[in-house]
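Enquirer: Sequence first, then the predicted structure, then my questions.
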Amino acid sequence: MGRRRKRVPPKLDGRSGYEIITEMASRGHREIDIARRLGIMSLSTWARVKDRDPKALAALEAGRGVEHDRLFGKLYEKALAGDIVALLFLLKTRHGYNDRPEPAPVQAAIQINLPPALGPEDYRKLVADVKPVAVVEGEVSRDG
């Protein structure tokens, strides 16, 4: 006989396991508490249940969505009622407001220093000292 696989119980206290997951998640319960309510005692087992049972994951996400909507609604009401902290939080998170100054852009400063141009007489001296280079069949040789 193989090990019995944990799964979401079909009924618990007259409700389906999925209903319990959704209801507890909507009230902000931690996942370990939801799992324990279902008789699943470890987070690793709960993670496997969510991986193997798409309905369990969907129930959890639905509950978290309800929780999010309730929290956002309450925060929105407080902001409209004049709660400055709630108002600033919503403006920053939902609309990109920022109360910090923009940092100055970083620019690379590259400076190339060239020597001054040679005068005509100095250039003639420089060129006169250079020996010509000849290339013969792929070899370089200096004449002179």
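Expert: Okay, I see it. Every value quoted in this text rests on a predicted model; they were computed, and no experiment measured them. Numbers count the residues shown, from 1 in each chain.
Enquirer: In this structure, which helix is the longest?
Expert: Ordering each helix of the chain by length in residues (DSSP state H) puts helix 54-80 first.
Enquirer: what's the average pLDDT for it?
Expert: Averaged across helix 54-80, the pLDDT comes to 94.
Enquirer: Tell me the helices and strands packed up against that helix.
Expert: helix 17-26, helix 43-52, helix 84-95 (3 or more Cβ pairs under 8 Å, 6 or more residues apart in numbering; DSSP states H and E). C-beta: built from backbone N, CA, C; applies to glycine.
Enquirer: what's the angle from it to helix 43-52?
Expert: Counting by axes from the mean of the first three to the mean of the last three Cα atoms, to 10 degrees, helix 54-80 lies at 100 degrees to helix 43-52.
Enquirer: How far does helix 54-80 sit from its chain's centre?
Expert: 22 Å (Cα atoms, centre = their mean, to the nearest Å).
Enquirer: With stretch 101-115 instead?
Expert: Centroid separation for stretch 101-115 versus its chain: 30 Å, with Cα atoms, centre = their mean.
Enquirer: just stretch 82-96 next, same as before
Expert: Distance, stretch centre to chain centre, for stretch 82-96: 22 Å (Cα atoms, centre = their mean).
Enquirer: cool, stretch 32-48 as well?
Expert: In terms of Cα atoms, centre = their mean, the centre of stretch 32-48 is found 28 Å from the chain centre.
Enquirer: What are the buried residues along it?
Expert: For stretch 32-48, the neighbour count (16 or more other Cβ atoms under 10 Å) marks I34, A35, R37, L38, I40, W46 as buried.
Enquirer: ok, the second one touching A47?
Expert: No. Under the criterion of Cβ atoms under 8 Å, A35 is not in contact with A47, lying 9.2 Å apart.
Enquirer: circling back: how many degrees apart are the longest helix of the chain and helix 84-95 in direction?
Expert: Computed by the same axes, to 10 degrees, the angle between helix 54-80 and helix 84-95 is 130 degrees.
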